[in-house]
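> Task: produce atomic coordinates for the following.
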Amino acid sequence: MLHRRLLGSRLHRRDAMIRLGQAGLGALALPNLLQAESALASATLQPKAKSCILLYLWGGPPQQDMFDMKPDAPEGIRSQFGPIDTVVPGIQLSDQLPLMAKQTDKMAIIRSYTHPSNVHEVGVYHTLTGKINNTLAVPRNQRNRNDFPTPGAVVSKFSPPGALPASVTIPSPIGHDGVIYTGTYAGFLGAKHDPMELKPPGEVQNAAPHSLDLLDGIDSTRLQARFGLLKLMEDYDRLVQAKGPQRGVAGLEQFREQAFRMLTSPESRGAFDLSRESDKLRDQYGRNEYGESFLLARRLVESGVRLVTVVWSYICPDGNVANVWDNHGGTGSLGGVTGYQMLKEKYCLPPLDLAYSALLEDLSQRGLLDETMVVMMGEFGRTPQINKEQGRDHWGACQSVVLAGGGIRGGQVYGSSDKHAAYPRTNPVAPEDVIATMYHALGIPPESLIHDRENRPHKLSEGRVLGELFG
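Alright, predicted model coming up:
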């Protein structure tokens, strides 16, 4: 019901009605009108981005405690953090994000992002594919070749071969308890378009697909690349034998060409080597997995990788994997601290504030921000009501997404939420809209067709390009 109300709100936007009146086509269905508007936006907005960095805050970051403060909300809903002014008059952030507050002139904050699910697995799939999958087995939703492809796989499909893969996921994909989440690889596009994954998630024993194992021995990049690519080809050879030679030869040849390019290209050999960066810059990003992942993402796009996905997770002292933005509070593996204490720990807001600010500043100083879109999001937001553990629970109905670079106009807020940041009030944005906007920025028409294993056609995205964000 909520989803239908929000969709109805979007379909009755003032500009849509004006266009309908101007067209004089009373019988024209509004969904078709919106599709035409999206196509028009795609045709008139010139793509600027060569690459994209997708920062995925797995677990669901709380909009009320970060980007959509509601200081006038009643106690029990109002954040325990205070709002602070930023470099852009009228835009406030949480007082836990003082460095990010200096970068809002580069940021577009969407405060009306919404979808109908409060379930991690469903939210991950929807936000990473733009599709709703009602067949997911929760919680054990192992990815499979019927999945719709993740953005990195789509970018690979539409990009020419290069010295490095078109898409890389760092430090590891979303997964735990032996399962890698569905919606995180190429799905029906096939293994040749899977993002490179440097290592598997914690609690998952099998090797990550296309792994080069570079981070465990960064000084021996060439040797490990040889080993990783050889293993990849051996695994693929076994797949070819299992399916019959005719089904796998083309993909195997592509892998061999990729192996040759990676082993002979200076760019590919050095792209993963963080030791080539100054100590000062590494300190600015943060000497932790998050800071190093953000810095590595910058090195990879600078070297030609078109889409880098950074997955934010944490290995607890007892070895359990934690999606720490899931700040209910009371998590035993994290010492049972409150939800608000979780946000202030070394695995949440402090390293994000440091690494994200350093990333935007670094990209800007190198002249890379205009051609690199940076997208920061999670699978859902958090409840308005603070729970008994002094945290917040799952809430898909309203959340915040932050875009920067790649032609995005900084210093703006798009959409708004109600007085408790519970539901969108204006300009609701769906996951498919953000994905369509990413594809457009990268020069990939969102209406392009891909085909599944039964050769059935699928649009890349049914969403609307958010053309208002560019300029």
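> how about the helices of the stretch 251-400 of the chain, start to end?
All helices of the stretch 251-400 of the chain, identified by DSSP state H, counting those that start in this stretch, fall at 266-271, 279-285, 289-302, 339-344, 349-365.
> Compile the ones you listed into a markdown table and extend it with columns for mean pLDDT.
Shown next, in a markdown table, are the helices of the stretch 251-400 of the chain (pLDDT from 0 to 100):
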| stretch | mean pLDDT |
| --- | --- |
| helix 266-271 | 75 |
| helix 279-285 | 98 |
| helix 289-302 | 97 |
| helix 339-344 | 98 |
| helix 349-365 | 98 |
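> Pipe the ones you listed into CSV and attach distance to Val402 per row.
The way it works is simple: take the backbone N, C-alpha and C, and place the C-beta from them, glycine included. Listed next are those as CSV, based on distance: least, C-beta to C-beta, whole Å:
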stretch, distance to Val402
helix 266-271, 26
helix 279-285, 18
helix 289-302, 14
helix 339-344, 17
helix 349-365, 8
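> out of those, nearest to Val204?
helix 289-302 (16.7 Å; C-beta to C-beta).
> circling back: could you name the stretch from the helices of the stretch 251-400 of the chain that's closest to Thr86?
helix 349-365 (11.6 Å).
> Now do that closest one and helix 289-302, the angle between them.
20 degrees (axes from the mean of the first three to the mean of the last three C-alpha atoms, to 10 degrees).
> Pull out the buried residues from helix 349-365.
Buried residues in helix 349-365, defined by neighbour count with 16 or more other C-beta atoms under 10 Å: 349-364.
> Can you give the distance of that helix from its chain's centre?
16 Å (C-alpha atoms, centre = their mean, to the nearest Å).
> now for that helix, which elements pack on it?
Here helix 349-365 touches helix 279-285, helix 289-302, strand 372-377, going by 3 or more C-beta pairs under 8 Å, 6 or more residues apart in numbering; DSSP states H and E.
> want to throw the ones you listed into a markdown table with mean neighbour count and distance to Asp194?
Shown next, in a markdown table, are the helices and strands packed on helix 349-365 (neighbours: other C-beta atoms under 10 Å; distance: least, C-beta to C-beta, whole Å):
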| stretch | mean neighbour count | distance to Asp194 |
| --- | --- | --- |
| helix 279-285 | 14 | 27 |
| helix 289-302 | 23 | 16 |
| strand 372-377 | 26 | 20 |
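> residues in contact with the nearest residue in space to Ala404 that is not next to it in sequence?
Take Ala404 and drop its neighbours on the chain: the residue closest to it by C-beta to C-beta, 6 or more residues apart in numbering is Val374, 4.5 Å away. Contacts for Val374 (C-beta atoms under 8 Å, 6 or more residues apart in numbering) come out as Cys52, Ile53, Leu55, Leu359, Leu360, Leu363, Leu403, Ala404, Gly405, Gly406.
> what do you get for Leu343?
The neighbourhood of Leu343, defined by C-beta under 8 Å, 6+ apart, consists of Pro62, Asp65, Phe81, Gln96, Asn327, Leu349.
> Roughly how far does it sit from Gln399?
15 Å (C-beta to C-beta, to the nearest Å).
> can you check Ala166 too?
Separation of Ala166 from Gln399 (C-beta to C-beta) stands at 28 Å.
> Those two - which one has more neighbours?
Shown here are Ala166 and Gln399; by other C-beta atoms under 10 Å, Gln399 has more neighbours (30 against 23).
> just checking, Ile435 touches His115?
No: under the contact definition of C-beta atoms under 8 Å, Ile435 does not touch His115, with a separation of 11.8 Å.
> Now that Gly411 has come up, it's in contact with Pro89, right?
No: judged on C-beta under 8 Å, Gly411 makes no contact with Pro89 at a distance of 9.2 Å.
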